[in-house]
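1. Dropping a prediction and its sequence here:
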Amino acid sequence: MSGRSGAAVSADRATADPVHDLLVRHLTLCETAVHPLEIAAELEAAGMGPGTAGRYRHSDVFSLAEELYARVPRRPEAHRAPPAESPWRRRAGPALLTAVLYLLPCAGLWLARQTGGAGRGVGVDLTVVVLLALVAAGTAGGGHSFGARFGYAVGVAAVLGLCVTGGSDPAVATALACGLGAADWCARWFRHIGWGHLGAARSRNGFRERMRPVLPVAVALFLTALSALTFAALTLHRHRTSDGGGLAAGIHGADGTAWAAQECVGVVLLLVVLLWRCGRTADALAGLLCGLSALGVAAAAVHAALPGGSGGYGGSGTAAAFDTALLRGFGLTAALLLPYAWVVLLRPESHRDTAPAGDD
């Protein structure tokens, strides 16, 4: 019998090469993946385990993913190699520029308020928020849609603007704005470490093991930098408004509520920048929205608890109440966002190189 039907030939081919059918079903994933771990993650998410991998003549999902990755040529946009080794200075330059750009509008408002009433008023506050939004949009990096960049810029500017215009001490909020440079450095460092582990890990669990200590280290580095900046800003502020004070001025320049609120807002902003830099755009925007929403609810609750309402615009009682609301709102957001970021940033797919080559 010389002729065989095309269906029979295809069936024989599938029997001889069981991986082929799987490759066809996951062709887009295999073409755009930047590492076998990414394919393995999708296969595991689809319910494939060691038993299922055995049907494709592999002992585990990772070895199957390696074969799929090797069979399919990379698409040009997905084939770009990970960023080269980034020395400290390569990250420090963009981070320093980010810090200066965020610092300028807040420092301008801070100095204007030192001169009297020039720094008061809705128009001045709105100008500062607009400038902060422009800085956030300019430092957001590439690879994002206009709508996402707009949402990110507005969200970051809203958080910083509220802290600068409503808090008890503008020096604290100015340090927070400058601290976004440290957040940018930590995010770039985190991505670089992730790329290194992505190339070295031999399994999804191995990648997680390598990455587990990285996020706590990044948070610790950032909080150390933010505390140092806050201490320096308070010391300078007390030195200008009083006759010196030195070390004690920096330590006692703000009460415990203001210090705690500063750290909570800083952690949320760091996690937002980390998620944003790792391509988790929706998660970053959700974090900003959650923080602002929680702040609004907390502010309403604190305002309602004040005896006889609140003080006037910029009053010390209102500022202290705002610090309390800031602590409650962003403390809750940080408590929710930190474990979520811990989970998603341990995934190999969160370390795809979605930004321009010079971003890191």
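-> Yes, it's here. A quick note: this is a predicted structure, and the numbers were derived from the prediction, not measured.
2. Quick check: which ranges of the chain have low pLDDT?
-> 1-16, 74-89, 115-120, 167-168, 239-254, 308-317, 352-360 (pLDDT under 70).
3. and residue 320, which of the three is it?
-> Recorded secondary structure, residue 320: helix (DSSP: H, G, I helix; E, B strand; the rest coil).
4. That one and residue 257 touch, don't they?
-> Yes: the pair residue 320 and residue 257 passes the contact test of C-beta atoms under 8 Å, sitting 7.3 Å apart. (C-beta placed from N, C-alpha, C; glycine too.)
5. Can you show me the helices along the stretch 51-200 of the chain?
-> Ranges of helices in the stretch 51-200 of the chain, per DSSP state H, counting those that start in this stretch, are 61-71, 88-114, 122-138, 146-166, 170-200.
6. Out of these, indicate the one that is most buried.
-> Each of the helices of the stretch 51-200 of the chain was scored by mean neighbour count; the highest is helix 170-200, a mean of 23, by mean count of other C-beta atoms under 10 Å.
7. who does the helix or strand following that one touch, helix- and strand-wise?
-> Following helix 170-200 in sequence order, the next helix or strand is helix 204-211 (DSSP states H and E). If contacts are counted by 3 or more C-beta pairs under 8 Å, 6 or more residues apart in numbering; DSSP states H and E, helix 204-211 sits against helix 36-45, helix 170-200.
8. So which of those helices is nearest residue 70?
-> With C-beta to C-beta as the measure, helix 36-45 is the member of the helices and strands packed on helix 204-211 nearest residue 70 (8.3 Å).
9. domains in the chain, as residue ranges please.
-> Following automatic domain parsing, the chain resolves into domains at 6-78, 88-359.
10. Okay, the nearest residue to residue 133 once chain neighbours are set aside and residue 278: tell me how far apart.
-> In space, residue 133 comes closest to residue 157 once its chain neighbours are excluded; the distance is 3.7 Å by C-beta to C-beta, 6 or more residues apart in numbering. To residue 278, residue 157 is 22 Å away according to C-beta to C-beta, to the nearest Å.
11. for residue 121, same thing?
-> Going from residue 121 to residue 278 by C-beta to C-beta gives 39 Å.
12. Next, the contact list for the residue lying closest to residue 125 once chain neighbours are set aside, please.
-> Excluding its sequence neighbours, the residue lying closest to residue 125 (C-beta to C-beta, 6+ apart) is residue 165, at 4.4 Å. With contact set as C-beta atoms under 8 Å, 6 or more residues apart in numbering, residue 165 has these partners: 109, 125, 128, 129.
13. Could you measure from the second one over to residue 108?
-> With distances taken as C-beta to C-beta, residue 125 is found 12 Å from residue 108.
14. Is residue 158 in contact with residue 293, as I believe?
-> No: look at residue 158 against residue 293 with C-beta under 8 Å: they stay out of range, at 11.1 Å.
15. still on that earlier bit, how about the contacts of residue 165 in CSV, adding distance to residue 38?
-> Below are those laid out as CSV (distance: C-beta to C-beta, whole Å):
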residue, distance to residue 38
109, 45
125, 45
128, 42
129, 39
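16. of those residues, closest to residue 58?
-> Using C-beta to C-beta, residue 129 comes nearest to residue 58 of these, at 55.3 Å.
17. Would you check that the closest one makes contact with residue 158?
-> Yes: assessed by C-beta under 8 Å, residue 129 is found in contact with residue 158 at 7.0 Å.
18. sorry, back to before: show me which of residue 121 and residue 278 is the more surrounded one.
-> residue 278 (24 against 12; other C-beta atoms under 10 Å).
19. List the residues that contact residue 261.
-> Residues near residue 261 by C-beta under 8 Å, 6+ apart: 167, 323, 324, 326, 327, 330, 331.
20. Now do residue 164 against residue 285, distance only.
-> 21 Å.
21. do residue 160 as well
-> 16 Å.
22. who are the neighbours in contact with residue 163?
-> Residues near residue 163 by C-beta under 8 Å, 6+ apart: 172, 173, 176, 265, 326.
23. which outside residues touch stretch 283-303?
-> Under C-beta under 8 Å, 6+ apart, the answer for stretch 283-303 is 148, 151-152, 155-156, 158-159, 162, 265, 268, 271-273, 275-276, 309-310, 321-322, 324-326, 328-330, 332-333, 336-337, 340-341, 344.
24. Mind doing that once more with 7 Å?
-> Applying C-beta atoms under 7 Å, 6 or more residues apart in numbering, the contact partners of stretch 283-303 are 148, 151-152, 155-156, 158-159, 268, 271-272, 275-276, 310, 321-322, 324-326, 328-330, 332-333, 337, 344.
25. neighbours of residue 50, just the number please.
-> Neighbours of residue 50 (other C-beta under 10 Å): 12.
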